[in-house]
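> Fold the following, please.
(4 chains)
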4 protein chains.
Amino acid sequence: MDYQRLLQDVMAVALAGERRGRPADYIPALAEADPSAFGMAIATVDGGVFGAGDWEVPFSVQSVSKLFTLALALAEGGDGLWQGVGREPSGNPFNSLVQLETEQGIPRNPFINAGALVVTDRLLELTGDAAGAVREFLRAESGNAAVDTDDSVAASEARHGHRNAALAHFIASYGNLRNPVDSVLAHYYAHCAIAASCRDLALAGLFLARHGVRADGSRLLTRSEAKRINAVMLTCGTYDAAGEFAFRVGLPGKSGVGGGVLAVLPGRGSVCVWSPGLDAVGNSVLGVAALDALTTATGWSVF
Amino acid sequence: MDYQRLLQDVMAVALAGERRGRPADYIPALAEADPSAFGMAIATVDGGVFGAGDWEVPFSVQSVSKLFTLALALAEGGDGLWQGVGREPSGNPFNSLVQLETEQGIPRNPFINAGALVVTDRLLELTGDAAGAVREFLRAESGNAAVDTDDSVAASEARHGHRNAALAHFIASYGNLRNPVDSVLAHYYAHCAIAASCRDLALAGLFLARHGVRADGSRLLTRSEAKRINAVMLTCGTYDAAGEFAFRVGLPGKSGVGGGVLAVLPGRGSVCVWSPGLDAVGNSVLGVAALDALTTATGWSVF
Amino acid sequence: MDYQRLLQDVMAVALAGERRGRPADYIPALAEADPSAFGMAIATVDGGVFGAGDWEVPFSVQSVSKLFTLALALAEGGDGLWQGVGREPSGNPFNSLVQLETEQGIPRNPFINAGALVVTDRLLELTGDAAGAVREFLRAESGNAAVDTDDSVAASEARHGHRNAALAHFIASYGNLRNPVDSVLAHYYAHCAIAASCRDLALAGLFLARHGVRADGSRLLTRSEAKRINAVMLTCGTYDAAGEFAFRVGLPGKSGVGGGVLAVLPGRGSVCVWSPGLDAVGNSVLGVAALDALTTATGWSVF
Amino acid sequence: MDYQRLLQDVMAVALAGERRGRPADYIPALAEADPSAFGMAIATVDGGVFGAGDWEVPFSVQSVSKLFTLALALAEGGDGLWQGVGREPSGNPFNSLVQLETEQGIPRNPFINAGALVVTDRLLELTGDAAGAVREFLRAESGNAAVDTDDSVAASEARHGHRNAALAHFIASYGNLRNPVDSVLAHYYAHCAIAASCRDLALAGLFLARHGVRADGSRLLTRSEAKRINAVMLTCGTYDAAGEFAFRVGLPGKSGVGGGVLAVLPGRGSVCVWSPGLDAVGNSVLGVAALDALTTATGWSVF
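As a prediction, this is how the structure comes out:
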């Protein structure tokens, strides 16, 4: 298959739509993103890497990092993680406190902010450096040693992070954090503020297409664990639009408010798309449109 | 593959667990179900049908019928259906009114009761006989002309149906029903009260494994529509445990409080399991356990 | 005190404000109300009755009737009523189902629609004719035998009453109605659709100012019961604006979407004001403004 | 009236009931309170002070302090306060985040924790020392220079204060705090941790019975402002049981989880009762029972 051509075609289809969305504006560093940026990359389980547009430009991965914190926390600590975080769709916006209150401090799933804070807390407990573990993993899988936290973005998130601080304190009030709130928040901001490109993330996501095996051939997760992460991505990976994403795209995917979306083609490869303009629930407008076009063109779907 | 043996094995694994659950008790007809009943059937796209246990005993399909009303309403009326019902997980118990109020009378998805009432209303508008259309479909796909509504169950549901009546009136208050509330409820109760066996339902679900093609070779839905129904089943098909079901089983599935669960293996076949004991969210305990064992034993998963 | 002059003055103050609100539009009969209608009456415990503007024009009492159903149900049945309905402010719009679901079918208080349905049900059980009992009471206290249900309004409410039907079925699903849903709704619509004037209602409300004694000197409620109804009115009588009403007006009051507001001056008298234009939560804009002006001018307040 | 005898009688009535409740246990300092402590004091507008039981024993005033922060913030800053905090009953437990999220960071009223944080923030802005202002006021009104913050209690609250920290950060995320979160919390804990006796608090609450006039004859609030604080107390002063308190007691009152309840008899006096055993919503069991007995015995009520 001519992946290069395929990517160009589906990006053209996405651009033919009229909606563009707007970059996240809750911190200045994200609001300044170039709204016309648009890149896409595919990495295949047999070693191919293809890209189009701004596919090698680093962007703020934001919540896409939650996929890696989850995988690493499971790899390091096993199923005990699920004592502190559920795996049901939330049916509420990604940073909602309502459900957390109803459910006694156990966040609904690892991909809403509350759940990612718990996962970060556990990864910090397991490794001593949660953000560092994510950076190391991304560097190793992508082969790009330059992948790093953008400290100015992390600092900006901390300055505007009252809502995440509220979530963390609230979880702590139920006894569901093992590290000090400030440490958890610092590591959370640091892994969300990692800058990486579509190329980097497509390569880093391949372990899920390979059912748990890393780039160097070592096994990070069992086949069953890898499938289960895909299941959680499909049901919970795109905020309050997971049903819509499954309906339109039909692949497990994880989005971030930096405009990135990483999707997995189990057994085949992974694809990452980036464009900063977001829709109302926080997913990249062109990103979702391009993935929709991709799966329409190829018939790729888990269903 | 020796499907017969496979079914016996996974049923044995399920029975080895200690939990049994309890039959639904909100209407007498369901409360009287034999809690030790347990059957399972697989139908394959190449024509095989296999079963074990009480796989030919009819039971009350209840919410499993919602899968067929959805498919028929889409086949008859197309995408306009999605104006009146969403496709996001609800994050709330299956008969909750809360979300309906927040979201202005548009139910979250076609598989919660509120959404199924809207789908029933549309199918009634399109066919003049919503319950009859479901019965005809089940008979045709299963080749079993005896599939029929159990009128005593339907009558019992109507007598104890204040909550569904509340849902229907509430949806009507937002202008989202096109037929009189009483007609919609009557057809809703009539298709929920259909009695069919694991064998019947596995055969009737095959159109989804065949990507939209019926038993007689005619096309009910486009390939894309069939995939999309699978997506909605995976994210919303098992009440407030859809995430857990995707995590453990990894297949699109639809459950009913009669104790039936119908799951789809896209491109391969469909499987139906029945046991009346339910867990706290309304899914068959042995049914989910057997599907879990089945996918563990075979590696079948959409992921 | 020159009550006549007082009423004219406070109505002038209210009219000097710019806001007017809009008549309720959920049923045609109310939407057709003359938005410029404005009347006010005071009845005193020593027998005086004073009025200004359209104080003798009948209007649809709507939820003001809930005060009388409550008083009559307590008079007939005593404290057992509080088993089926609470007395806490709801903190939610007057017809919300959310809280009802959380609290297992026990409405928060007798003045939200859900609670009034329960009270109507009990009064129906106690008297055999709930709406008739309210009409008789209003006629007796006001001395106006012409007070009656406007059948066209009641019929219109029934036709557009899906939300109340939803509430009633929902309460019935928790076993908290003793009569058939249809009967309860019919009596509810019939007492809400009573037409009465400011004069009629001010006189009918005097029993609360007289601490439980009716116009003919007989005792309807104990002193303690009468005080307690005043307490419920103050905390719950004006929908989701009870706090604001207590803050601005400082008197127990009950409003209706017909534009009427009845307030009690314990030990002194009662006052009723009517103007159809409503604010966002369903209280008469000029009505509340006039009561605010009245209490500002006189210093009347329970505090 | 023989107030001394009256207090003894009503305390005896309260003690005749079987329920006792349990002291608050979320911080050790409160959990250690003597559950058998019980005191009551009345202060009259004509200068009398009467007490019984442990009426001169200091206890942790906790949320009773919110009454004084509100009065002082209004006295210092006027009605602008109501831009940042509402005056409606919450219909939810006192420290709920749910409603805060629905209503965009504007707490429902000044007596839930969220609202008291906003009031503390404004008082801090107005005076530079919110807790100090409350202490000074209590000392001046009670004539007891020993009234002071119990630093060990304040420190304990801070250590266990994740939920209040969550509330404060959440409010800050909506831009509704003007001082740093840490400062607001420190002052909040410091005024909640003030230790004062029934005698002190009854005297300190007299300004509301005197319609705004302090012990030294100077005016703190206008007559209208004082009435309005009473209205907010009546509708919101006892957590999610304000309706019940108004129903049973019929007086404006403010409770705290230290077991104190301060109630106002407008124009007549104020009464404070203390007993550490709390009911399910956080009000003193014996305290509410004693006030109920008091108003039953005397007929005192605002209604």
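> all strands of chain A, in order?
A:39-44, A:49-53, A:59-60, A:148-149, A:194-196, A:253-255, A:260-265, A:269-274 (DSSP state E).
> so what does the last one touch, helix or strand wise?
Contacts of strand A:269-274 with other secondary structure elements, assessed using 3 or more C-beta pairs under 8 Å, 6 or more residues apart in numbering or on different chains; DSSP states H and E, are made with strand A:39-44, helix A:198-209, strand A:260-265, helix A:285-298. Every C-beta, even on glycine, is put in place using the N, C-alpha and C of the backbone.
> same thing but at 10 Å, please
Contacts defined by 3 or more C-beta pairs under 10 Å, 6 or more residues apart in numbering or on different chains; DSSP states H and E place strand A:269-274 against helix A:3-16, strand A:39-44, strand A:49-53, helix A:198-209, strand A:253-255, strand A:260-265, helix A:285-298.
> Contacts for the third one, please.
Contacts of strand A:49-53 from elsewhere in the structure, counted by C-beta atoms under 10 Å, 6 or more residues apart in numbering or on different chains, are A:1-12, A:15, A:37-44, A:55, A:142-143, A:197-199, A:202-203, A:206, A:269, A:271-275, A:286, A:290.
> 6 Å instead, please
Here strand A:49-53 makes contact (C-beta atoms under 6 Å, 6 or more residues apart in numbering or on different chains) with A:3, A:4, A:7, A:8, A:11, A:38, A:39, A:40, A:41, A:42, A:43, A:199.
> in chain A, which helix or strand is least confident?
helix A:98-102 (a mean of 74; mean pLDDT, DSSP states H and E).
> Packing partners of it?
helix D:98-102 (3 or more C-beta pairs under 6 Å, 6 or more residues apart in numbering or on different chains; DSSP states H and E).
> How far away from the center of its chain is the helix it packs on?
23 Å (C-alpha atoms, centre = their mean, to the nearest Å).
> residues touching the residue sitting nearest the centre point of chain A, list them.
The centre of chain A sits closest to residue A:64, judged by C-alpha atoms, centre = their mean, with a distance of 1.6 Å. Taking C-beta under 6 Å, 6+ apart as the criterion, residue A:64 is in contact with A:254, A:256, A:260, A:262.
> now do 7 Å
Applying C-beta atoms under 7 Å, 6 or more residues apart in numbering or on different chains, we find residue A:64 in contact with A:201, A:254, A:255, A:256, A:260, A:262.
> could you redo those residues as a markdown table and give each row distance to residue B:151, pLDDT and neighbour count?
Formatted as a markdown table, those follow (distance: C-beta to C-beta, whole Å; pLDDT from 0 to 100; neighbours: other C-beta atoms under 10 Å in any protein chain shown):
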| residue | distance to residue B:151 | pLDDT | neighbour count |
| --- | --- | --- | --- |
| A:201 | 57 | 98 | 35 |
| A:254 | 49 | 98 | 30 |
| A:255 | 49 | 97 | 33 |
| A:256 | 54 | 97 | 28 |
| A:260 | 55 | 98 | 28 |
| A:262 | 52 | 98 | 29 |
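> Return the member of those nearest to chain C.
Proximity of the contacts of residue A:64 to chain C (C-beta to the nearest C-beta) peaks at residue A:255, which lies at 29.9 Å.
> Chain A against chain D: which residues are in contact?
A:96, A:97, A:98, A:101, A:162, A:163, A:165, A:166, A:169, A:170, A:172, A:173 (C-beta under 7 Å from any C-beta of the partner chain).
> Next, format these as CSV and append neighbour count.
Compiled in CSV, those are given as follows (neighbours: other C-beta atoms under 10 Å in any protein chain shown):
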residue, neighbour count
A:96, 23
A:97, 23
A:98, 17
A:101, 21
A:162, 19
A:163, 20
A:165, 22
A:166, 28
A:169, 23
A:170, 27
A:172, 23
A:173, 21
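> now, which of those residues lie within helices?
By the criterion of DSSP state H, membership of those in helices covers A:98, A:101, A:162, A:163, A:165, A:166, A:169, A:170, A:172, A:173.
> quick one, what contacts the residue in the stretch 1-150 of chain A positioned nearest to chain D?
Of all residues in the stretch 1-150 of chain A, the one sitting closest to chain D is residue A:97 (4.6 Å; C-beta to the nearest C-beta). Residue A:97 makes contact with A:166, A:167, A:170, D:97, D:101, D:170, according to C-beta under 7 Å, 6+ apart.
> now it: how far from residue A:112?
As judged by C-beta to C-beta, to the nearest Å, residue A:97 and residue A:112 stand 10 Å apart.
> can you list the residues of chain A near chain B?
Taking C-beta under 7 Å from any C-beta as the contact definition, chain A meets chain B at A:87-92, A:99, A:109, A:227-228, A:230-232, A:234-236, A:240, A:242-244, A:246-247, A:250, A:252, A:266, A:301-303.
> Counting neighbours, what do you get for the closest residue to chain C within the stretch 151-300 of chain A?
Taking C-beta to the nearest C-beta, chain C has its nearest neighbour within the stretch 151-300 of chain A at residue A:240, 18.8 Å off. Applying other C-beta atoms under 10 Å in any protein chain shown, we find 22 residues neighbouring residue A:240.
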